[in-house]
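Asks: Attaching a predicted model along with its sequence, questions to come.
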Amino acid sequence: MNILVTGGTGYIGSHTCVALLEAGHSVIVADNLCNSKVDIVDKIKQITNKKIAFYQIDVTDEVAVESIFSKHYLDGVIHLAGLKAVGESVEKPLAYYYNNIVSTMVLSKVCQKYGVRKFVFSSSATVYGDNTVPFNEKMNLLPTTNPYGETKAMCERILTDIVKVNPSFSVSLLRYFNPVGAHESGLIGEAPTGIPNNLMPYITQVAKGQLDKLKVFGSEYPTVDGTGVRDYIHVLDLAEGHVSALDNLIEGVHIFNLGTGQGTSVLELLKAFEEANGIEVPYEIVNRRPGDIASCYADVSKAKQKLGWAAKRDIKAMCRDAWRFEKNYKELEGTNRIG
């Protein structure tokens, strides 16, 4: 199939492009490069030995989006473009609501116009709010604790309403947990600019000496060691989950958790990183971040049953691959880095 991947040069997007190409699909990428580099296109080609089409556009721009649909026959869309930092969303709610919701509306509208019926949406476990773990797809969604989560919940509702009046439109809502790790080649991985918002790149930058110490946000949660518990999934497993969702997509709305089903605390992940790579990572406990919850991990039985998909890589593999990628970085000016 010919698949448009929005946000395709980003962290999850680049690995999803690799997984799609390796599964025999053709890939067209749309990305505004707000948190990635165009060099990723060449790295995807280097890993897969296959070409992709790339367009530097903002997916909130309907004219620019339609120009891609008019140039390429598309079988489906995987919508990954969006702002994704929980803490930042609390500080910049308007940017998150505009970017994440408008891009979904624009893509949906253009899909309807051009008869593109397969739509895989990058959602998030944050839509569950502070629910009882493990989270399963049948749960009633609680009010989320941050604007980022609200944008994902709203986009899910928008897509669901579209399917109600367009039953041939096939939508898969993929609720991610916490992707970490990198491609085993070390060529692509998580490459944020500035101070990372996510835990693993923060750990790797401290390990590399680029940052002084890891900040652990909160130590008084009702968890195994007082630090936040999350379901960390290798980004390659997550990417392969997208391919499974696309290949098995039928009419209607289908919701899947993509995680491992195992909760790991911040300090447990830190210890796993140190053991996997033989490196000590200094840290300090600081105040909780606005919008964070104590525990978040998945019930993944539905994805296994319906998609035949399950995460295969363990925490230590995630830590080894993340560190390999960090060591392979090429430095640019300041904090801008190629990932």
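Replies: That came through, no problem.
Asks: contacting residues for residue 189?
Replies: Residues in contact with residue 189 (Cβ atoms under 8 Å, 6 or more residues apart in numbering) are 11, 181-183, 235, 321-322, 325-326, 339. Any C-beta I mention is one placed from the backbone N, CA and C, and that applies to glycine too.
Asks: Likewise for residue 268?
Replies: 224-225.
Asks: what's the spacing between residue 65 and residue 42?
Replies: To residue 42, residue 65 is 24 Å away according to Cβ to Cβ, to the nearest Å.
Asks: and residue 170, how far is that from residue 184?
Replies: 32 Å.
Asks: Pick out whichever of these two has more residues nearby.
Replies: Neighbours per residue, other Cβ atoms under 10 Å: of residue 170 and residue 184, the larger number sits with residue 170, 19 against 14.
Asks: Now do the SS call for residue 257.
Replies: strand (DSSP: H, G, I helix; E, B strand; the rest coil).
Asks: again with the one 5 residues further on
Replies: Look at residue 262: counting by three-state DSSP, its state is coil.
Asks: shift numbering so it begins at 57
Replies: Understood, numbering begins at 57; the last thing we discussed is residue 318.
Asks: Measure how buried it is and give me the count.
Replies: 18.
Asks: That one reaches residue 351, doesn't it?
Replies: No: with contacts counted by Cβ atoms under 8 Å, residue 318 stays clear of residue 351, the gap being 11.6 Å.
Asks: tell me, how many neighbours does the residue nearest to residue 118 when sequence neighbours are not counted end up with?
Replies: Leaving aside its sequence neighbours, residue 118 sits nearest to residue 162 (Cβ to Cβ, 6 or more residues apart in numbering; 4.8 Å). Using other Cβ under 10 Å, residue 162 has 20 neighbouring residues.
Asks: now swap in the one 3 residues further on and tell me
Replies: The local packing of residue 165 (other Cβ under 10 Å) involves 14 other residues.
Asks: and whichever strand or helix holds it, what does it pack onto?
Replies: Using DSSP states H and E, residue 165 maps to helix 149-170. When contacts are defined as 3 or more Cβ pairs under 8 Å, 6 or more residues apart in numbering; DSSP states H and E, helix 149-170 sits against helix 118-127, strand 132-135, strand 174-180, helix 203-221.
Asks: isn't the residue nearest to residue 118 right next to residue 116, touching?
Replies: Yes: counting by Cβ under 8 Å, residue 162 touches residue 116, with 6.0 Å between them.
Asks: Counting neighbours, what do you get for residue 348?
Replies: 18.
Asks: can you confirm it is in a helix?
Replies: No: according to three-state DSSP, residue 348 belongs to no helix; its state is coil.
Asks: who's in contact with it?
Replies: Contacts of residue 348 by Cβ under 8 Å, 6+ apart are 142, 201, 273-274, 284.
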